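*Asks:* sharing a sequence plus its predicted fold:
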Amino acid sequence: VERRIRIPELKELYEKKLVTYPRTDARVLSTAIAKEIKKNLNGLASKCQDNEIKQFALNIAQRKYNIDLIKSKYVDDSKITDHYAIIPTGQGFENYNALNQLEKSIYSVIALRFLAVFYPPAVFNKVALTLKIGDEFFFANAKSCKEIGYLEVSKSGKETEAEGGFGQIKKGQQKKSKKN
């Protein structure tokens with residue numbers, strides 16, 4: 001699905017009670033909505049017909065992830081003009097099968113982004129490598145994913161793969177190389 005979502009499809013999702021009001025530019029939730037967010041999660045976990053979304057919602061409860069958003073960066077009443085961010089309502093699933101493929105894809109993007117908020121942060125190991133060959137220094141950096149966290153939901157696989165492939169290197173390790 002393109003990052004730029006079209007209003008007609010969003011309007012259709014809203015009219016079928018699957019998402020909240022679509023004509024907003026807010027990226028945060030209101031305090032009032034954050035207090036009731038468990039209803040949205042429970043609806044996704046129990047009634048959603050998309051098995052992937054349903055399983056991620058179930059994982060939040062099974063793994064006992066924190067669902068209290070009140071003091072998080074995702075809740076800020078001062079940044080809301082008319083309406084809060086677009087989120088799945090956890091309702092309207094009787095209409096889900098009537099959606100076309102584009103609408104289902106858009107719903108999936110909204111629901112997965114919403115669910116990722118409740119997962120823990122991703123944790124990376126970072127490695128900086130300095131090579132000295134003769135009088136010259138060469139530098140390289142790599143990172144690898146230690147704990148996948150929210151990336152499990154967002155499927156940002158590139159970010160979870162090791163970059164650079166240094167293997168097992170210990171701090172201060174020195175290695176002699178053979179000259180050609």
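*Replies:* All right, it came through fine.
*Asks:* need the contact partners of the single longest helix found in the chain.
*Replies:* As assigned by DSSP state H, the longest helix anywhere in the chain is helix 101-116. Outside of helix 101-116, the residues within contact range by C-beta atoms under 8 Å, 6 or more residues apart in numbering are 1, 5, 9-10, 12-13, 18-19, 40, 44, 48, 50, 52-53, 56-57, 60, 86-88, 96, 99, 150, 153-155. C-betas here are computed from N, CA, C, even on glycine.
*Asks:* strands of the chain, residue ranges please.
*Replies:* 123-133, 136-147 (DSSP state E).
*Asks:* can I get those strands in CSV including mean neighbour count?
*Replies:* Shown next, in CSV, are the strands of the chain (neighbours: other C-beta atoms under 10 Å):
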stretch, mean neighbour count
strand 123-133, 11
strand 136-147, 12
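*Asks:* can you give me the helices in this structure?
*Replies:* 7-15, 31-35, 37-47, 51-62, 101-116, 151-154, 157-160.
*Asks:* buried set for the longest helix of the chain?
*Replies:* Buried residues in helix 101-116, defined by neighbour count with 16 or more other C-beta atoms under 10 Å: 103-104, 106-107, 110-116.
*Asks:* can you add distance to Cys145 and pLDDT and give those residues back as a markdown table?
*Replies:* Shown next, in a markdown table, are those (distance: C-beta to C-beta, whole Å; pLDDT from 0 to 100):
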| residue | distance to Cys145 | pLDDT |
| --- | --- | --- |
| Glu103 | 32 | 94 |
| Lys104 | 29 | 95 |
| Ile106 | 28 | 93 |
| Tyr107 | 28 | 95 |
| Ile110 | 25 | 93 |
| Ala111 | 23 | 96 |
| Leu112 | 18 | 96 |
| Arg113 | 19 | 94 |
| Phe114 | 22 | 95 |
| Leu115 | 19 | 96 |
| Ala116 | 15 | 94 |
